[in-house]
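In: One predicted model, sequence on top.
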Amino acid sequence: MSGKELGVRILAMVVIGVGCMTAVAGAAPYDGSTAMKCTIKAVMVCSAPSGDGCIRGTAATVNLPPVLDVDVGARLISGAATGRTIKIMSVDRGAGKIMLRGLDVHALGTAWDLVVDENSGTMAGAVVSRGGYLVFGTCAAR
């Protein structure tokens, strides 16, 4: 191989490497392409139709772990000390957010949504049954 051919090959490898790094850098850090740890920082618990209002609490107030392991690729959310997992039934993306949805029809009769901002990792979620609660926090790559 001549010096010129070697130079062309090295240049091609550099261009490919830079292209790959640019593609990775362009992906939003919280787009579901890698698993996330989402920390619940605040919870608002709202009562059933009696209309008694909402109370501020923590993850423990509603029997949730303080940190959720969110694996969009495996379509699972875990983190409970009991080992319980919740299946992600629907994944949508739009307006710079990833939106996850699920149902727990048989055990609890609940529906839930979790929305994560793809750029900042800010998280908000809702769990609805007879009453419901909102969760707020942040996600980080796991």
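Out: Sure thing, it's come through.
In: use CA for all of it now, contacts and neighbours both
Out: Noted.
In: In this structure, where is pLDDT below threshold?
Out: Within the chain, the stretches with pLDDT under 70 are 1-28, 48-51.
In: Let me see the domain layout of this protein.
Out: 1-29, 36-141 (automatic domain parsing).
In: out of these, deepest packed?
Out: domain 36-141 (a mean of 16; mean count of other CA atoms under 10 Å).
In: Could you give the separation of that one from the chain centroid?
Out: 9 Å (CA atoms, centre = their mean, to the nearest Å).
In: now the end-to-end length of that domain.
Out: 4 Å (CA to CA, to the nearest Å).
In: end-to-end on stretch 124-142?
Out: Start-to-end span of stretch 124-142 (CA to CA) is 18 Å.
In: which residues in the chain form helices?
Out: Here the chain has its helices, by DSSP state H, at 3-26.
In: all strands for it, in order.
Out: Remark: strands assigned in the chain by DSSP state E are 36-46, 54-57, 67-71, 76-78, 86-87, 90-94, 97-104, 110-117, 122-128, 132-141.
In: for the longest one, packing partners?
Out: Strand 36-46 is packed against strand 54-57, strand 67-71, strand 132-141, with contacts defined by 3 or more CA pairs under 8 Å, 6 or more residues apart in numbering; DSSP states H and E.
In: List the contacts of Ser33.
Out: By CA atoms under 8 Å, 6 or more residues apart in numbering, the residues touching Ser33 are Val72, Gly73.
In: sorry, that was for Asp104
Out: Ile86, Thr110, Ala111.
In: Not counting sequence-adjacent ones, nearest residue to the first one?
Out: Right, Ile86. Ile77 (5.1 Å; CA to CA, 6 or more residues apart in numbering).
In: what pairs with the one you found across the strands?
Out: Val70, Ile86 (DSSP bridges).
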